[in-house]
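K.L.:
Prediction below, plus the sequence it came from.
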Amino acid sequence: MPYRIPFNRATLLGNELNYIAEAVERGHLAGDGEFTRRCARILEQETGAKKAFLTTSCTHALEMTALLLDLQPGDEVIVPSFAFVTTVNAYVLRGATPVFVDVRPDTLNLDERLIEERITPRTKAIVALHYAGVACEMDAIQRIADEHGITVIEDNAHGLFGEYRGRKLGSIGAFATQSFHETKNLTCGEGGALLINDASAIERAEIVREKGTDRSRFFRGQVDKYSWVDVGSSYLPSEVLAAFLFAQLEGRDEIQSGRGAIWQRYSDELAGWASAHDVRMPVVPEHCTQPFHMFHVLLPSMDARTRLIDELKAKDILTVFHYLPLHNSEMGRRFGGKTGDCPVTEDISERLLRLPLFHGLSADDQSEVIDAVSAFDAF
Ligand SMILES: *Cc1c(COP(=O)(O)O)cnc(C)c1O
């Protein structure tokens, strides 16, 4: 049974189904048609990335970065332990070894002060995941990467429209990946994008995404037949999905302002409850502009979190926790991870709780969530 107030619900802005009908009428349902081009153009304009390629998911965009980096077995990739599984799996698939680094206690982002000591001659990349769309300390991370000749990849699944010191997230690393999964700010169900800022990687990315062929060059008339020229796979979403996504991208201001209002209301109306009970609200540094992907609180203990979740469930409201630490997961332990390696991740992952936040969450429903949370005082 779905909850009366769900954690997330996908909503239509209005033009999604019209654009899908238009895509069908155009007679081009495979990837890289008119709607894919329009989506890519908006992503390039909004982020300032040199090139945007729509992909079938953020996971696949991450996998593309692993292919583009030519990762070999034994190469190392620095990743936060407090992360989504595919943020790491994309590199493990190529035989790379994940090197788990803890997160900062404030923003819950990769702790840039802990990176340098984990770099070895085999380190090839650093994956900077902007948690909740609040930027990692990109100046420090990029400086370390430059000193060691390492590539920076932004996992920007949460961070579309976010900024770091006036720079758009997705435009800072050599690569950035976006997600349009149902749970993200803008969606087409399952989808993603690879943003490229290292111009020298653009041509090869086009080939990797097109099954390792130069099919795109063929369509542009640059070669007279297309053939197998590199490794690759099939990472193009159908025009049906791109049509849906285009409607969401067109409605980005409506979505973002709605989410911003919901986020701000939680922040304003839960502040008193939080400070009275030693609950920590989200930390957004001055120099970061966040895109309102998530509203999370840190409860004082796992036990308090469990009881709050249960109490809200009894009121038919779904709230959820988030990433389990990757370094001491079953898979993480195979790479040598063990409990105690990333103490901040281990601690906060037991105490973090996310509240319902989606386009279309009504003011009445949000009032109910706020009232139910505020009523909880059994710490
Ligand atoms: C959602 C998410 C992904 C994966 O996105 P998909 O499009 O579902 O593959 C990767 N990283 C982060 C941080 C995410 O939140």
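P.N.:
All right, it came through fine.

K.L.:
Packing partners of the one helix or strand residue 17 maps to?
P.N.:
If you go by DSSP states H and E, residue 17 is part of helix 16-26. In this structure, helix 16-26 packs against helix 34-47, helix 239-250, with contacts taken as 3 or more C-beta pairs under 8 Å, 6 or more residues apart in numbering; DSSP states H and E. Glycine gets a C-beta too; all of them are placed from N, C-alpha and C.

K.L.:
export those helices to JSON lines and tack on mean neighbour count, distance to the ligand and mean pLDDT?
P.N.:
As requested, those are exported to JSON lines (neighbours: other C-beta atoms under 10 Å; distance: least, C-beta to the nearest ligand atom, whole Å; pLDDT from 0 to 100):
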{"stretch": "helix 34-47", "mean neighbour count": "19", "distance to the ligand": "14", "mean pLDDT": "98"}
{"stretch": "helix 239-250", "mean neighbour count": "24", "distance to the ligand": "12", "mean pLDDT": "98"}
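
K.L.:
Adding distance to residue 218, write those out as a markdown table.
P.N.:
Converted to a markdown table, these look like this (distance: least, C-beta to C-beta, whole Å):
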| stretch | distance to residue 218 |
| --- | --- |
| helix 34-47 | 17 |
| helix 239-250 | 19 |
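
K.L.:
Out of those, which is closest to residue 167?
P.N.:
Ranking these by proximity to residue 167 (C-beta to C-beta) places helix 34-47 first, at 9.7 Å.

K.L.:
Between helix 239-250 and that closest one, find me the angle.
P.N.:
In this structure, helix 34-47 runs at an angle of 30 degrees to helix 239-250, with axes from the mean of the first three to the mean of the last three C-alpha atoms, to 10 degrees as the basis.

K.L.:
Using PDB, write out every CA atom in helix 34-47.
P.N.:
Extracted as PDB, the C-alpha positions of helix 34-47 are listed here (Å, rounded to 0.1, in the frame of the first residue of the first chain):
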ATOM      1  CA  GLU A  34      15.100  16.200 -32.100                       C
ATOM      2  CA  PHE A  35      14.100  15.900 -28.500                       C
ATOM      3  CA  THR A  36      17.500  14.500 -27.400                       C
ATOM      4  CA  ARG A  37      19.100  17.400 -29.200                       C
ATOM      5  CA  ARG A  38      16.800  19.900 -27.400                       C
ATOM      6  CA  CYS A  39      17.500  18.400 -24.000                       C
ATOM      7  CA  ALA A  40      21.200  18.400 -24.600                       C
ATOM      8  CA  ARG A  41      21.200  22.000 -25.600                       C
ATOM      9  CA  ILE A  42      19.300  23.100 -22.400                       C
ATOM     10  CA  LEU A  43      21.800  21.100 -20.300                       C
ATOM     11  CA  GLU A  44      24.700  22.800 -22.000                       C
ATOM     12  CA  GLN A  45      23.200  26.200 -21.600                       C
ATOM     13  CA  GLU A  46      22.200  25.700 -17.900                       C
ATOM     14  CA  THR A  47      25.400  24.100 -16.800                       C
END
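
K.L.:
Strands along the stretch 201-350 of the chain, start to end?
P.N.:
If DSSP state E, counting those that start in this stretch is used as the criterion, the strands of the stretch 201-350 of the chain fall at 288-289, 296-298.

K.L.:
Indicate each strand paired with the first one and its parallel or antiparallel sense.
P.N.:
Yep, that's strand 288-289 we're talking about. Strands adjacent to strand 288-289 in the sheet, as given by DSSP bridges, are strand 163-164 (antiparallel).

K.L.:
Name every strand pairing with whatever helix or strand comes next after the partner strand and say which way it goes.
P.N.:
Past strand 163-164, further along toward the C-terminus, the next helix or strand under DSSP H and E is strand 167-168. Looking at strand 167-168 with DSSP bridges, its paired strands and their directions are strand 163-164 (antiparallel).
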